[in-house]
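[1] Take this sequence and fold it.
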Amino acid sequence: MIDVQDLTVRIAHRTILTDVTFSIPDGSFLAVIGPNGGGKSTLIRALLGLQKYEGSIQFNPNNATIGYVPQIKTLDRSFPARAGELVATALKGRWPWSLDDGSRSTVLGALEKVGVDHLMNEQIRNLSGGELQRVYLARAMISDPHFLILDEPSAGVDLAGAADMLECVERFRQEHQATVVMVTHDWDVAAHHASHALVLKSRVLSFGTAQEAVTEDAVRLAFGHVGHAHGVLGGGHQHD
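    This is a model prediction of the structure:
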């Protein structure tokens, strides 16, 4: 589980997050949604231990492993690297200038799980947005982590690629009883695929099960309008 209590983050005398409190049980899928500048990525950095904060963040178990999928725009794609090498950094904790047979087999298996094992030796500059995101996903999953944290994984990815990636995430969650935290702008994911949702705009506007938290009132508080979420909230999208 993840338990966050009274989380406050200040950066350069500016308060980014104020008194954020929520708790999710093991095996949950939490969608974090909100406007740009609302503190979503700051929350992710705090969960990863990359951002100083006030309050408390507890993971259970305490020695939990965490897999992280960043936004693909953060990677310098001009760097002369291969997909398999990028995945292997999760094993080595550094850039792997060479891979032994065991590491290569492990990396290939991780890429196979997300359907891109054929890209093992491909230069990352040649990958599409969807392919690169799957490589990042393989990197995050390679150690079978207790927690999988994703920061806007669909950004820069077409609809088909985003749907395929979501299927990989959901399959991993079910097979490994992992807990997933995903920052997303996709209301359909939040309303129909996540078990829990957190609507965030510097503070918690709404939190609970997806059905409880993703409401028209919460959307209006976050964005000032309902906009493209109207069909989702109004039942325009149906899922079995």
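[2] Just the CA coordinates for stretch 13-31, please, in CSV.
    Written as CSV, here are the backbone C-alpha positions of stretch 13-31 (Å, rounded to 0.1, in the frame of the first residue of the first chain):
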residue,chain,number,x,y,z
HIS,A,13,9.5,29.9,-1.9
ARG,A,14,6.5,28.7,-4.0
THR,A,15,4.1,26.1,-2.6
ILE,A,16,3.5,23.5,-5.2
LEU,A,17,1.5,21.0,-3.1
THR,A,18,-0.4,21.6,0.1
ASP,A,19,-1.5,19.0,2.7
VAL,A,20,-2.0,16.2,0.2
THR,A,21,-3.3,13.1,1.9
PHE,A,22,-4.4,9.8,0.4
SER,A,23,-4.0,6.1,0.9
ILE,A,24,-4.4,3.2,-1.5
PRO,A,25,-4.3,-0.6,-0.8
ASP,A,26,-2.1,-3.2,-2.3
GLY,A,27,-2.8,-4.0,-6.0
SER,A,28,-4.6,-0.7,-6.7
PHE,A,29,-4.4,1.3,-9.9
LEU,A,30,-4.4,5.0,-8.9
ALA,A,31,-4.9,7.6,-11.7
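[3] Give me the buried stretch members for that stretch, please.
    16, 17, 18, 20, 22, 24, 28, 29, 30, 31 (16 or more other Cβ atoms under 10 Å). (Glycine included, C-beta is placed from N, CA and C.)
[4] ok, residues contacting stretch 137-146?
    59, 61, 64-69, 86-87, 89-91, 106-107, 110-111, 113-114, 116, 148, 150, 153, 165, 168-169, 172, 176, 178-179 (Cβ atoms under 8 Å, 6 or more residues apart in numbering).
[5] dump the residue contacts of residue 43.
    By Cβ under 8 Å, 6+ apart, the neighbours of residue 43 are 7, 9, 17, 20, 32, 183, 200.
[6] downstream neighbour of whichever strand or helix holds it in the secondary structure list?
    Here residue 43 sits within helix 40-47, counting by DSSP states H and E. Remark: after helix 40-47, the chain's next helix or strand is strand 54-59, criterion DSSP H and E.
[7] partner strands of that following strand, parallel or antiparallel?
    Sheet pairing of strand 54-59 (DSSP bridges) gives strand 2-11 (antiparallel).
[8] and the strand it pairs with, what's its mean pLDDT?
    In this model, strand 2-11 carries a mean pLDDT of 96.
[9] Repeat that for stretch 111-118.
    94.
[10] How far does stretch 171-180 sit from its chain's centre?
    Put simply, stretch 171-180 sits 13 Å off its chain's centre (Cα atoms, centre = their mean, to the nearest Å).
[11] Nearest residue to the middle of the chain?
    With distances taken as Cα atoms, centre = their mean, the chain has residue 150 as the residue nearest its mean C-alpha position (1.2 Å).
[12] Would you confirm that that residue belongs to a strand?
    Yes. Per DSSP: H, G, I helix; E, B strand; the rest coil, residue 150 lies within a strand segment.
[13] That one contacts residue 186, doesn't it?
    No. Look at residue 150 against residue 186 with Cβ atoms under 8 Å: they stay out of range, at 11.7 Å.
[14] domains of this structure?
    Per automatic domain parsing, the structural domains of the chain span 1-65+145-240, 80-143.
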